[in-house]
Each structure stands twice: as structure tokens, then as C-alpha cells.
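Engineer: I'd like to go over a predicted model; first the sequence, then the structure.
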Amino acid sequence: MTTQRSSASFGRSASRSAAALVADARVNARAGAIPEAVAQYEEAIHLAEKNAEHKVLVEALRRLGALCCNRGELDRARTLCGKSHEIARSIGSDALAAEALNVLGTVELAANKVTDARLLFERALELSGADRDIRARAEGNLGIVANIEGDLDDAMSHYLRSLEASREAGDEHSCGIAYVNLGIVATQLAKYDEADGYFTRCLEIAENLGDVHLKGMCVVNHAKVHVARQSFEEARRNAESALAIFDQLGDRPNKAEAYRMIGVVYRETGRTALAESRLKAAIELAKSAAFELTQAEASRELAILYHAMGRNQDALSLLNAAHQLFGDINARADLFNVDARVAELEGTYLALVKEWGQSIESSDTYTYGHCGRVAENAVLVATHLGLEGQELTGIKLGAYLHDVGKVKVPHEVLNKPGPLTRDEFDIVKMHPVWGIELLEEVEFPWDIKAVVRWHHEKCDGTGYPDQLRGEEIPLSAQIVGIVDVYDALTTDRPYRPAMKLEEALAEITRIRASWSDEVFDAFVASVGQRVAVA
């Protein structure tokens, strides 16, 4: 394998052995002197090839591949590790082949190829034999896979076996890696005292060895424990320490994660401008490193900030981007467990939309709570129709936002105590169109805009704003439309008192031609049944 090297580098190291160059490169890599380490590994590869020192060549290729992986240079890392594995097999060394497979699996994991990574780690474990060092690394890597797949108990078991093997081998560095991984799982399980202990032990090892990358991994993950405990100053110090380390190492994915944590701290302590700056930096860095998980999570955190600032459209756009990113991750790596993160994201989405809907109603004491009631009843009707999953989520969110366009209707028209004039009603009839205009720049992962625009359409063509007929009206819009009318009838309005439940059901039955038979029947069987019970 031919590598590029400078003449100056060759002149300094030509008299040294390849093995000595590898040893020096390892010291520099742990100390964060990455350019120097890369140059030494490249020179070692050249000398080892020249002198047919196969074992040294295998190690130099593998270690340079690991450095490239940390820097996000996945194609080069994959080539280097593949070459290392090929040579190890050619000389009949199972141990060196296993080492190469361990690093190659890490490369595939960074590329979100979780299945491929697991197979590589399992093969490395098979080849490890009695070598506790290799077994420790393979167990640790399988723990990472289990964590990604959402099996935290299995992940903990792998990490504990990795720690045991590392201790038996006397490998302090591998112990440190096991401790940081155990700390991550303990944090996910909200076992913060245990996490503290693991991270404290990891930090002691990292500082004793002078391993800056391990220290960075320790402190950035420990920051998450401090955030959970609302110890924000400690979290900020840890995250900024990690940022400096990962910046020095050129580790863009972890640098993005450090920026994300700093942004969260600033948001939680009310420093919105700094929070926005750091979270945007996290998104851009993660994007440049093709690290979608951090990009998605940073997008969610920035959305929460924008929502608190009243920038609801910006917040929704970011939540939609995060939702798409999680979908892309699942599409590329079907075993990548993002269900918990998507559930958390959709919870944030619902909270934002619900609060936005309530803020629209807040100036009108007659309709306050309307969107929430419509959403609740719309879910009952949709569930009766057999809708679930994404369709159900879209209807619920659409119900919360169906009247968003009313922010443009003058207050005196919305709250007029008597009947509206034709001109005034024409203004009110514009709110579905104005709602779509407000949401124009937001690309939703659900069919929300159909609800916003067409919830006042009627199957006989007398609705608004587009006079759609029959099946032209989406099912979601009809569902929200019928429960919207029901809620309007059963609440006090400036121009009339609320109807009794039975009266409202009778009125909806009178105008049942406004909706399809299946929607009307589902309404009667779900919401109407509650009326009968009442």
C-alpha cells in the first residue's frame, strides 16, 4: 500500500525502525498530536512494507485507520483496516485479524451500518481466543451495538464483560473505555450515582495515561449527568473541556456533541443568543461529518429554544428536519433503535403544537380549550375508523393547528356578540387559507396542512375555502371538521349559549350530508356514544 509522506518527515525518521515509529505515533495520538501521529504511522507503513515487517505493517495500518475513523475520514479508514485484515490473514495471525475486524466494525458503525458492524465484532470475538485484550474490545463494541439497538441490559452485560477482560489483561486503557461506556448506559437508565462513579474512574485513567480522546469522551458524557441534575455550571465546564479536546483532535462528530451540550446548558440558563449559536454550530458540524444522530438531536434542542422564543414556525421546521433525519437513519440501518428518540421528538412536537393552538385561543374566553377538545374527539373518531400510527398523529396535530389562521382575523370579528355580517363572515372564512400561508415554509411529516385548509369543506360542495365535494375532501379533514362543529355547538359563543349534548348531536344529524357516511357513523359511535352515556 502506497502512502503520501513528506521528504522532511522521511529525513527525520529514515534511521528509525517502523516499530519505533508506531510506538511514538501511539504516544502522540493519545496526547492529541494528531498530525504528528498520522505522519509517523504513514512513515511506519512505508518502512514496514519496504522491509516486509508484516506484523508492524498490520498494526500501523489498523491504528492509522482508527485515527481516520475518529476524524470522520471513513473511506480511508475502511481501506486501511481492510488492508490490515488482509495482511493479517495472509500471515495466519487470528489475533491481528481480529484486531483489524474490531476497528473495521467501528468504521461501519460510524457509517450507520449497524448489522455489518455487529457481524465484524462477533467475528473478532470468535478469533480472539485466549487474548483478553481483543476480547475486551470486541465485547465493548458489541455493547455499543446493543445500546444502538436499544437493548440497554445487553449493552451493560457486554460492557461488564469487557471491563472484566480488560482488568485480567491489565489493560488500563481498555478499562477506561469500558468505564465510559458503562457510564453512558447508567445515564440512559437514570442511574446517575452509578454513572458518576464510572465517569470518575474513567477520568482518573485518562489523566493517568495522558489519553486526551478518552478524557474528552468521559467529560462530554458526564456533562449529560450534570444536565439531568440541573447542575448546569458543572455541565458547561465539562462540555467546554470536551470541545477543546475534540477541536484539537479534529473529531467533528464529538465536537458537534460538545456544542450540543453547551447549547442545552445556555438554553436552560436563559442565555438564548449563546444557546442558538452553539446549537447551530452543532447542527452544521454534525451535518458536515454526516453524523445524523447528533444533527437530529441538536435540531430538536434548537426547536425547543425557538418555541420558548415564540418562533413557532422555525421550531416546527427544525422538528420536521429532525424527524426526517431519524427516518433516514432507520432506512439505512434497520436495526438502529431510534424509537425512543422519535417518541421523545413527537412528544416535543405535540407539546409545541398544543401550546401554539392554546396561544391562538387565549384572547377568546369563549373558545379557549377548543383545539384540545377537538384533538381529543378527533382521535376517538379516527381510532374508531381503524387509523393508527402516523395517520393518527397527523390528525391529532392537525386538530391542534386547524384554527391557526384565526390569528389574522380581527379581534372584534372573532368576539362579536351578535351575528356576523356577510363581509365579516367572508373574513372568517379566510382563516383556513391564512393558516396554510402561516405554515407554508414548514414541511410536515404528517398530512397536517390538509386538515388546516379543508376542515370546513362539506361533501355537498357548500363548504369553504375551495368548495370541495365528496371524496375530494381528505378523511383527516372530515374527521376534524365534524368534531369542530360539535365542539362549537356545545360551548358558549358570544352570539348564543351552548347547546345541550343531545341537541348538538341532533343538529349534526340534521346536517350529516356535510360528511361522508363513514365519518358520520364513526362520530356517532365514538363521540356520540359519550353523549348517550352522559
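Structural biologist: Perfect, thanks for sending it.
Engineer: Now do the end-to-end distance for stretch 394-411.
Structural biologist: 29 Å (CA to CA, to the nearest Å).
Engineer: buried sites along that stretch?
Structural biologist: Going by neighbour count (16 or more other CB atoms under 10 Å), the buried part of stretch 394-411 is 394-406, 409. Placement of C-beta: from N, CA and C, glycine included.
Engineer: tally of neighbours for residue 433?
Structural biologist: 16 (other CB atoms under 10 Å).
Engineer: Mind checking which of the buried residues of stretch 394-411 are in strands?
Structural biologist: Secondary structure defined by DSSP state E assigns none of those to strands.
Engineer: by contact count, what packs against the host helix or strand of residue 282?
Structural biologist: Assigned by DSSP states H and E, residue 282 belongs to helix 272-288. Contacts defined by 3 or more CB pairs under 8 Å, 6 or more residues apart in numbering; DSSP states H and E place helix 272-288 against helix 252-268, helix 292-308.
Engineer: Off-centre distance for the last one?
Structural biologist: This means helix 292-308. For helix 292-308, the separation from the chain centroid amounts to 8 Å (computed by CA atoms, centre = their mean, to the nearest Å).
Engineer: What are the buried residues along that helix?
Structural biologist: 292-307.
Engineer: could you give the angle of that helix to helix 252-268?
Structural biologist: 20 degrees (axes from the mean of the first three to the mean of the last three CA atoms, to 10 degrees).
Engineer: Kindly export helix 292-308 (C-alpha atoms) in PDB.
Structural biologist: Output in PDB follows, covering the C-alpha atoms of helix 292-308 (Å, rounded to 0.1, in the frame of the first residue of the first chain):
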ATOM      1  CA  GLU A 292     -27.200  12.400  11.500                       C
ATOM      2  CA  LEU A 293     -28.000  11.300  15.100                       C
ATOM      3  CA  THR A 294     -26.300  14.400  16.600                       C
ATOM      4  CA  GLN A 295     -27.700  16.600  13.900                       C
ATOM      5  CA  ALA A 296     -31.300  15.400  14.600                       C
ATOM      6  CA  GLU A 297     -30.900  15.700  18.400                       C
ATOM      7  CA  ALA A 298     -29.400  19.200  18.100                       C
ATOM      8  CA  SER A 299     -32.200  20.200  15.800                       C
ATOM      9  CA  ARG A 300     -34.700  19.100  18.400                       C
ATOM     10  CA  GLU A 301     -32.900  21.100  21.100                       C
ATOM     11  CA  LEU A 302     -32.900  24.200  18.900                       C
ATOM     12  CA  ALA A 303     -36.600  23.800  18.200                       C
ATOM     13  CA  ILE A 304     -37.300  23.800  21.900                       C
ATOM     14  CA  LEU A 305     -35.300  27.100  22.200                       C
ATOM     15  CA  TYR A 306     -37.200  28.700  19.300                       C
ATOM     16  CA  HIS A 307     -40.500  27.600  20.700                       C
ATOM     17  CA  ALA A 308     -39.600  29.300  24.000                       C
END
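Engineer: Can you name every helix or strand that it contacts?
Structural biologist: Partner elements for helix 292-308 (3+ CB pairs under 8 Å, 6+ apart): helix 252-268, helix 272-288, helix 312-332, helix 339-361.
Engineer: contacting residues around it?
Structural biologist: With contact meaning CB atoms under 8 Å, 6 or more residues apart in numbering, helix 292-308 is reached by 112, 253, 256-257, 259-260, 263-264, 267, 272, 275-276, 279-280, 282-283, 286-287, 312, 314-316, 318-319, 321-322, 325-326, 328-329, 338, 341, 344-345, 348, 352, 355.
Engineer: Buried subset of those residues as a PyMOL selection?
Structural biologist: Restricted to buried positions by 16+ other CB under 10 Å, the PyMOL selection for the contacts of helix 292-308 reads:
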select buried, resi 112+253+256+257+259+260+263+264+267+275+276+279+282+283+286+287+312+314+315+316+318+319+321+322+325+326+329+338+341+345+348+352
